[in-house]
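**Student:** One predicted model, sequence on top.
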Amino acid sequence: MTITVYELDGVDDVRFSPYCWRTLMALKHKGIDDFERVPVSFRDRSPIAFSGQERIPVLVDGDHWVNDSWNIACYLEDAYPDGPALFGSDIGRSQAQFVNAWTQRIQNPGLINIVLWDAFQAVDPADRDWWREDREKMFGRIEDYKENQSEKLTAWRRDLDPLRMTLGDQPFLGGQAPAYVDYLVFGTFLFARYVGRENVIEADDSLQDWLGRLLDMFDGFARQAPKAMTSER
Ligand SMILES: N[C@@H](CCC(=O)N[C@@H](CS)C(=O)NCC(=O)O)C(=O)O
């Protein structure tokens, strides 16, 4: 039976949600290619009303649905044990939960603080009024995020040092092969990429090698996805 993934839609079919990308990479990792991607707009979440909540991604597999990217990864690991492991062991799953929390509390919010204006440009024009009103309640005026990025960028890049240390000794966070921990962290870099801000990571940053390896996976699945062309930066 075909799996369906509901994911947030942006301008020109750009899909920039880091949480959705974790799920997409996890599906590919499991060797599941036969899935349908259903775009959901920011202003209208009625397609996922069946899940009783408004967050995306939501995955439907036959008559079973799961929301929350972490729960989805656990579901895929348990429901598809014959595919390559996402966690490797119970210990691996527990440690990945820490990385999940780190991305949610440190890596993602730090990036949003830098690219909020770019993200606004990547939102479908039909959703922009909704998005501005919603986000300005949380973050203040979106235009303010165009300026004064240099200090924020320096701090955010410095906080990535534990990744550089780890990846100096092994090709993936999962070790010799990628695992869900890689996709957790990679999803946030993909968010930057698809809102047109790949330059949050400098060209000579040692993380570029790891990013390149993940972008090449599954026949360049993530590399080929469309990026927003932001008009102002
Ligand atoms: N903990 C959830 C977070 C999901 C989440 O926040 N998704 C975002 C998309 S990146 C969302 O649905 N946002 C709705 C909104 O921005 O209004 C997960 O891991 O799936």
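**Tutor:** Here it is on my side, so go on.
**Student:** residues near E147, how many?
**Tutor:** Residues near E147, counting by other Cβ atoms under 10 Å, number 8. Where C-beta positions appear, they are placed from N, C-alpha and C, glycine not excepted.
**Student:** Kindly report the same for the one 3 residues further on.
**Tutor:** Using other Cβ under 10 Å, S150 has 9 neighbouring residues.
**Student:** again with D78
**Tutor:** Going by other Cβ under 10 Å, the residues that sit close to D78 add up to 10.
**Student:** quick one: which helix or strand includes the closest residue to P18 other than its chain neighbours?
**Tutor:** Nearest-residue entry for P18: G187, 3.7 Å, with adjacent residues in sequence omitted and distances by Cβ to Cβ, 6 or more residues apart in numbering. If you go by DSSP states H and E, G187 is part of helix 180-194.
**Student:** I'd like the mean pLDDT over the helix or strand that that helix is followed by, please.
**Tutor:** Of the helices and strands lying after helix 180-194 in sequence (DSSP H and E), the nearest is helix 207-220. Mean pLDDT, helix 207-220: 98.
**Student:** Measure how helix 207-220 sits relative to helix 180-194, angle-wise.
**Tutor:** Helix 207-220 and helix 180-194 are oriented at 90 degrees to each other (axes from the mean of the first three to the mean of the last three Cα atoms, to 10 degrees).
**Student:** At which residues are the helices of the protein located?
**Tutor:** Per DSSP state H, the chain carries helices over the ranges 18-29, 69-79, 90-102, 108-122, 128-139, 150-158, 161-169, 180-194, 207-220.
**Student:** Work out the gap between the third one and the centre of the chain.
**Tutor:** For helix 90-102, the distance between its averaged C-alpha position and the chain's averaged C-alpha position is 16 Å (Cα atoms, centre = their mean, to the nearest Å).
**Student:** interface residues of the chain facing the ligand?
**Tutor:** Selection of the chain residues close to the ligand by Cβ under 6 Å from any ligand atom yields 8, 17-19, 42, 55-57, 68-70.
**Student:** The same query, at a cut-off of 5 Å, please.
**Tutor:** 17, 19, 55-56, 68-69 (Cβ under 5 Å from any ligand atom).
**Student:** quick revisit: give me the number of residues near the residue nearest to P18?
**Tutor:** Neighbours around G187, by other Cβ under 10 Å: 24.
**Student:** N199 now?
**Tutor:** Neighbours of N199 (other Cβ under 10 Å): 11.
**Student:** ok, back up a step: can you pick the most crowded of the residues of the chain next to the ligand?
**Tutor:** Result: S69 is most packed of the residues of the chain next to the ligand (other Cβ under 10 Å), 29 neighbours.
**Student:** got a list of what it touches?
**Tutor:** 19-20, 22-23, 57 (Cβ atoms under 8 Å, 6 or more residues apart in numbering).
**Student:** Can you say which two of those are spatially most distant?
**Tutor:** Farthest-apart pair in the contacts of S69 is R22 and P57; separation 8.1 Å (Cβ to Cβ).
**Student:** Report pLDDT for the nearest residue to V38 once chain neighbours are set aside.
**Tutor:** Leaving aside its sequence neighbours, V38 sits nearest to Y6 (Cβ to Cβ, 6+ apart; 5.0 Å). Here the pLDDT value assigned to Y6 is 98.
**Student:** can I assume Y6 is in contact with R55?
**Tutor:** No. Under the criterion of Cβ atoms under 8 Å, Y6 makes no contact with R55, lying 10.1 Å away.
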